[in-house]
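Student: Requesting a structural model of the entry that follows:
(chains A, B, C, D, E and F)
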Number of protein chains: 4
Amino acid sequence: MTIESERSAAAKADKLGKRDQTKAQNRHLILEAARRVFAELGYGAATVRDIIRATPLASGTFYNYFKSKEEVFQAIRDESALRIRPRLRLERMHAETVEAFISGTYRTFFDYTVEDEANYTAIRSNETLRVRMDTPEILAGFEELREDIANGIARGVFPPVDAEYLMAAMVGVAFEVSEEMLKRQPPDPEEATRFATALFMGGIKALPKKTNGGGEA
Amino acid sequence: MTIESERSAAAKADKLGKRDQTKAQNRHLILEAARRVFAELGYGAATVRDIIRATPLASGTFYNYFKSKEEVFQAIRDESALRIRPRLRLERMHAETVEAFISGTYRTFFDYTVEDEANYTAIRSNETLRVRMDTPEILAGFEELREDIANGIARGVFPPVDAEYLMAAMVGVAFEVSEEMLKRQPPDPEEATRFATALFMGGIKALPKKTNGGGEA
Amino acid sequence: MTIESERSAAAKADKLGKRDQTKAQNRHLILEAARRVFAELGYGAATVRDIIRATPLASGTFYNYFKSKEEVFQAIRDESALRIRPRLRLERMHAETVEAFISGTYRTFFDYTVEDEANYTAIRSNETLRVRMDTPEILAGFEELREDIANGIARGVFPPVDAEYLMAAMVGVAFEVSEEMLKRQPPDPEEATRFATALFMGGIKALPKKTNGGGEA
Amino acid sequence: MTIESERSAAAKADKLGKRDQTKAQNRHLILEAARRVFAELGYGAATVRDIIRATPLASGTFYNYFKSKEEVFQAIRDESALRIRPRLRLERMHAETVEAFISGTYRTFFDYTVEDEANYTAIRSNETLRVRMDTPEILAGFEELREDIANGIARGVFPPVDAEYLMAAMVGVAFEVSEEMLKRQPPDPEEATRFATALFMGGIKALPKKTNGGGEA
DNA sequence: GATGAATGAGAATTCATTCAT
DNA sequence: TATGAATGAATTCTCATTCAT
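Tutor: Next comes the predicted model:
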């Protein structure tokens, strides 16, 4: 038995061989760094170098884990199913009423932005330019919100409104109101939720109905 | 009078000499190219080189007009904001009812984004990541909306709601719904206006009231 | 008679036609700017652009007067025969004794550096790097000093020492002592002159003599 | 022991692994190239590109070693100053007489500049303009000379002259005479030393004396 | 696998110079 | 003759990626 195969055997003997442990850890390091970098610079402007620099690892190591910036981005997107989005989804899946659906969504979102203020306020006031960048997680979250609304309509919880427009409206309100909320000290997610929920609860009733084929009721 | 002096006289008579004409044209060329490039690659990924390449001009010429990518971007946004802000204000100034205020605002905005689609698509980059950047001009537009709402409240046209949050909500809905609208072919600003107006008309009634000191009525 | 020739005639009629006056003035503007720029950045690092920028003139105008940076440099060199150097030369030409020669040279030089401190202390402490650059005038001045020393030796005012080395030594002392002098507040050119003169008066006597053919006495 | 582990062991045993060797070599290549380029074009006119081109390396490699032209320059000068300063100090420490102090200093300096001609010619650029730049290392060398002179005065070896001015004068003579010396083929450091020593030996005697409070004796 | 130096393509910016006005 | 915008070559520097160790 060669040293090489001995080592392998030893590795396999461990619950999680030291090698695999390091591997998992390095992968994690890179993903975390990428998240920070994307949030700060935006996906387009971020470079692999930036990600590596935000890591204790050497440049070559990056390529043992990912082929490119694009690939890390995908990985974040995939992994992010484990972060804020499930909270939101869970909330909505259990919602029996429209109000629960909406207030649950907003409460979770506003709480999240308060917790995560530093990261979320990805509004780098580059002197005069206010910049907002949507991170991979958030983009994925939008799509899920649309699906959930469509689903709610199908389940009869929601009236048959224009799901895309409603999603867009909810997203827009989420972003802008959360930013406004963060300007108030201390930020009050409950108040913001009350506002957004009331707006939509009142609004949805008034919204033009959409029968499946398209005409309005 | 010699030919020489005739020419000089003629030149002075023109609103714009040939030189100024070329200047204006080149500036325009660059702005147009930048719009296209930002739309295609997204702001972050776009490079000054990309913009120049989308132009018949030489590389150095870019720098006779703008100092950086950021500066072109601001110029694009400001140009756009400068065109729409007066229209929006006018519309709102003449609004006698909440409904006129809201539907006027949205109709004007959605019509404008259809007209000016290139600009509003530019904000949304490649599929992977959305970026929105607000220049001082755009922020000023937000502020105007807030003022107009506050004014409406003072005049008793609007119920006494949270003007900042309402402004934020209207802005968020405007941006997000207009983007959704532009995805539909052909874009239908009337439909979008109906949607947004109904949402707010219904919503505002349900909004928590704000008496001056703060408690809700 | 065309307008063109009329104009020429008019120009000639003036003592110094307006045209020529402007020409002379512009030339002067450029030369002055170049002097400042060379002193600040050094000849090598200076660019034509830098010179133009230090001028109220347009870039194209530069080329009506000079073909290149090199040509301005030559012009400065030529013109600079009119500045500090003649003072030094005059001083030395009239020197009847070695002492008069030396103290006159130093006094004039130290006075000049005090007067012209801002410009002369072309020691831009770029953070850590002390930089000294010799302007065209100064380089020309060195050569004249060497000539004057050689001349003094020929006239028997100076003992037959190594003129190149003596020139070098005088130049080195001039630069370094003047810099030291400027560090003292207030700078005392008289004290510095006393020091340098004493050093050379004592030193020259002790210097190895050089007979014409080369051997030492 | 496998081949792999043998190699590792061997690598660690070496003073310098192959990598460090290449690194040292590349650094050297760049420094040498820079010396040549500065000598040919002068510091101001030289570009980083010029330095890279004078090297077999790729452009990016330069920046692995130095941040800028200035940094290479400092490295060159510091390297040089670092080598000569201890020699000069040693020489002066052992000097029992003024003459030994002065001639030792100059002999050491002139010998060194002949050895290290490349460096000392590098300071003097193209025919048109001279530049001298003193790095902190070089300035430290000046300061050491000042200290040694002050010390000599305290020990009574030197008469009580103005130590700063004397230091400045010695430095100026060293640089200028050494340059003159290098122009002569072959350079004769002995002759240059004889000249400089005689100058100062004669000169110091004649120098104004400085009693502690300031008046001359 | 991890490392980090080398590579050269490419980005941002400046330059000297020309030339229409 | 003065002007100043246009030009594209040249410069500085960064980047993604490779590969010997």
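
Student: which ones are touching residue A:75?
Tutor: Residue A:75 makes contact with A:31, A:66, according to C-beta atoms under 8 Å, 6 or more residues apart in numbering or on different chains. C-betas here are computed from N, CA, C, even on glycine.

Student: Now do it against chain B, distance only.
Tutor: Distance from residue A:75 to chain B, counting by C-beta to the nearest C-beta, to the nearest Å: 13 Å.

Student: domain assignment for chain A?
Tutor: A:14-78, A:83-206 (automatic domain parsing).

Student: Mean neighbour count, those domains: which tops it?
Tutor: Mean neighbour counts were compared across the domains of chain A using mean count of other C-beta atoms under 10 Å in any protein chain shown; the top stretch is domain A:83-206, at a mean of 19.

Student: hmm, it in reach of DNA strand E?
Tutor: No - Domain A:83-206 does not reach DNA strand E (C-beta under 7 Å from any atom of the strand); its nearest approach is 13.4 Å.

Student: Check the gap between the closest residue in space to residue A:89 that isn't next to it in sequence and DNA strand F for me.
Tutor: Excluding the flanking residues, the one nearest residue A:89 by C-beta to C-beta, 6 or more residues apart in numbering or on different chains is residue A:144, at 5.9 Å. Taking C-beta to the nearest atom of the strand, to the nearest Å as the criterion, residue A:144 is separated from DNA strand F by 30 Å.

Student: Could you do residue A:21 as well?
Tutor: Going from residue A:21 to DNA strand F by C-beta to the nearest atom of the strand gives 22 Å.

Student: confidence score at that residue?
Tutor: The model reports residue A:21 with a pLDDT of 77.

Student: helices and strands around whichever strand or helix holds it, which ones?
Tutor: Using DSSP states H and E, residue A:21 maps to helix A:18-41. Counting contacts by 3 or more C-beta pairs under 8 Å, 6 or more residues apart in numbering or on different chains; DSSP states H and E, helix A:18-41 packs against helix A:3-13, helix A:48-53, helix A:59-65, helix A:69-79.

Student: one more time with 6 Å
Tutor: helix A:48-53, helix A:69-79 (3 or more C-beta pairs under 6 Å, 6 or more residues apart in numbering or on different chains; DSSP states H and E).

Student: and after the longest one, which helix or strand comes next?
Tutor: Tracing the chain C-terminally past helix A:69-79 and defining elements by DSSP H and E, one meets helix A:84-93 next.

Student: Rounded mean pLDDT for that following helix, please.
Tutor: 74.

Student: mind exporting the next helix or strand after that helix as CSV, just the C-alpha atoms?
Tutor: The element immediately downstream of helix A:84-93 (helix or strand, assigned by DSSP H and E) is helix A:98-115. Extracted in CSV, the C-alpha atoms of helix A:98-115 (Å, rounded to 0.1, in the frame of the first residue of the first chain):
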residue,chain,number,x,y,z
VAL,A,98,-54.4,37.5,2.0
GLU,A,99,-53.6,39.7,5.0
ALA,A,100,-51.5,37.0,6.5
PHE,A,101,-49.8,36.5,3.2
ILE,A,102,-49.0,40.2,2.8
SER,A,103,-48.2,41.2,6.3
GLY,A,104,-46.1,38.0,6.8
THR,A,105,-44.1,38.8,3.7
TYR,A,106,-43.5,42.4,4.6
ARG,A,107,-42.8,41.8,8.3
THR,A,108,-40.2,39.2,7.4
PHE,A,109,-38.7,41.4,4.8
PHE,A,110,-38.5,44.5,6.9
ASP,A,111,-37.2,42.6,9.9
TYR,A,112,-34.5,41.1,7.6
THR,A,113,-33.4,44.5,6.3
VAL,A,114,-33.2,45.9,9.8
GLU,A,115,-31.1,43.0,11.0
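
Student: Below-threshold pLDDT in chain A: ranges please.
Tutor: A:1-19, A:80-85, A:116-140, A:211-217 (pLDDT under 70).

Student: try it again with 50
Tutor: A:1-6, A:9-13, A:121-128, A:213-217 (pLDDT under 50).

Student: For it, which residue gets nearest to DNA strand E?
Tutor: Using C-beta to the nearest atom of the strand, the closest approach of chain A to DNA strand E is made by residue A:60 at 1.7 Å.

Student: Among the helices and strands packed on helix A:18-41, which comes closest to residue C:189?
Tutor: Nearest of the helices and strands packed on helix A:18-41 to residue C:189, taken as C-beta to C-beta: helix A:48-53 at 54.6 Å.

Student: Is any residue of the closest one near chain D?
Tutor: No - Helix A:48-53 lies apart from chain D when judged by C-beta under 6 Å from any C-beta of the partner chain; the minimum separation is 12.3 Å.

Student: So which residues on chain A come close to DNA strand F?
Tutor: A:47, A:48, A:49, A:50, A:59, A:60, A:62, A:63, A:67, A:68, A:69.

Student: related to what we said a few turns ago, quick check: the residue of chain A closest to DNA strand E vs residue D:162, distance?
Tutor: Plainly put, residue A:60 is 60 Å away from residue D:162 if you go by C-beta to C-beta, to the nearest Å.

Student: quick one: the residue nearest to residue A:89 is in a helix?
Tutor: Yes - applying DSSP: H, G, I helix; E, B strand; the rest coil, one finds residue A:144 inside a helix.

Student: Distance of it relative to residue D:113?
Tutor: Going from residue A:144 to residue D:113 by C-beta to C-beta gives 75 Å.

Student: and what of residue A:91?
Tutor: 80 Å.

Student: what do you get for residue A:55?
Tutor: 48 Å.

Student: How about residue A:97?
Tutor: In terms of C-beta to C-beta, residue A:97 sits 91 Å off from residue D:113.

Student: Same check on residue A:178?
Tutor: For residue A:178, the distance to residue D:113 - C-beta to C-beta - is 70 Å.

Student: Also residue A:193?
Tutor: Distance of residue A:193 to residue D:113, given as C-beta to C-beta: 79 Å.

Student: repeat for residue A:48
Tutor: Per C-beta to C-beta, residue A:48 is found 48 Å from residue D:113.

Student: which residues sit in contact with residue A:201?
Tutor: A:99, B:206 (C-beta atoms under 6 Å, 6 or more residues apart in numbering or on different chains).

Student: Is residue A:204 inside a helix or a strand, and which specific one?
Tutor: Going by DSSP H and E, residue A:204 is in helix A:189-206.

Student: Centre of the chain to that helix, how far?
Tutor: Relative to its chain's centre, helix A:189-206 lies at 22 Å (C-alpha atoms, centre = their mean, to the nearest Å).

Student: now it against helix B:189-206, angle please.
Tutor: Angle of helix A:189-206 versus helix B:189-206, following axes from the mean of the first three to the mean of the last three C-alpha atoms, to 10 degrees, is 120 degrees.
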